[in-house]
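> Quick one, structure for this:
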Amino acid sequence: MPLAYVKPEEAFMICTDRESGEVRPVYHVYKDENIELRLTWWYTIDLDEYLGHEFDIRNLPNFAGTSNLGSTQARLKMHARLLQEALDNKFAWFDGLQFEWDAERYELYQQTNDKMDQLSESMNPVGAK
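Residues are numbered from 1 along each chain as shown. From the prediction side, this is the model:
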C-alpha cells in the first residue's frame with residue numbers, strides 16, 4: 001500500500017523578526033518521518049521537513065531542563081517561550097530555514113541581565129521605603 005505525504009503539525013508560532021513583524025509557524029518533527037512518532041524536543045520551520053533544518057530545543061543556551069511540565073500544551077508553551085526569548089535577544093536566529101545559536105551571545109545576555117538586576121537592587125534596597 002503506498003504511503004501518502006502528510007504535512008507536519010504546527011507546534012506553535014514565533015516572531016522571527018520584531019522589526020518587520022514576521023511571524024512563522026514552528027512544526028513538529030517525526031521519527032523516521034512517521035506522523036505517529038512525534039519527537040518531543042525537535043522542531044523545524046521548514047514545511048518540507050528537510051533534515052538539515054531540524055533543531056533540538058534542548059540545544060538552546062537558555063534551556064535549563066524540565067521538571068514535571070504536566071501536559072503537552074504546557075511543554076509547547078515553554079518551548080515557544082524559550083525559542084522566542086532566544087530570538088528576541090539575538091542569541092539564536094534563523095539563517096533562512098537553518099537554525100543557529102551562539103552560547104557566547106547568551107552569556108553576554110545573562111551578564112547584562114545580572115548587571116541590570118544589581119542596579120535595580122541598589123536603587124531599591126530591600127526594606128527601603
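> how about the helices in the chain?
Taking DSSP state H as the test, the helices found in the chain are 72-88, 103-123.
> chain center to the first one: distance?
So that's helix 72-88. 5 Å (C-alpha atoms, centre = their mean, to the nearest Å).
> in it, what counts as buried?
By neighbour count with 16 or more other C-beta atoms under 10 Å, helix 72-88 contains the buried residues 75-76, 79-80, 82-84, 86-87. Using the backbone N, CA and C atoms, a C-beta is placed for each residue, glycine as well.
> same for it, what does it pack against?
strand 10-17, strand 38-44, strand 92-95 (3 or more C-beta pairs under 8 Å, 6 or more residues apart in numbering; DSSP states H and E).
> quick one, it and strand 10-17 angle?
Calculated by axes from the mean of the first three to the mean of the last three C-alpha atoms, to 10 degrees, helix 72-88 forms an angle of 20 degrees with strand 10-17.
> Redo the helices and strands packed on helix 72-88 as CSV? Include distance to Y106.
Output for those, formatted as CSV (distance: least, C-beta to C-beta, whole Å):
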stretch, distance to Y106
strand 10-17, 17
strand 38-44, 18
strand 92-95, 8
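> To what extent is L39 buried, counted in neighbours?
12 (other C-beta atoms under 10 Å).
> again but with D46, I slipped
Neighbour count for D46, taken as other C-beta under 10 Å: 19.
> Likewise for I14?
Around I14 there are 21 other residues, counting by other C-beta under 10 Å.
> my guess is it meets L87, correct?
Yes - using C-beta atoms under 8 Å, I14 is in contact with L87, at 6.5 Å.
> Quick check: which ranges of the protein have low pLDDT?
For the chain, applying pLDDT under 70 flags the ranges 1-3, 34-35, 66-69, 113-129.
> Nothing else from me, thank you.
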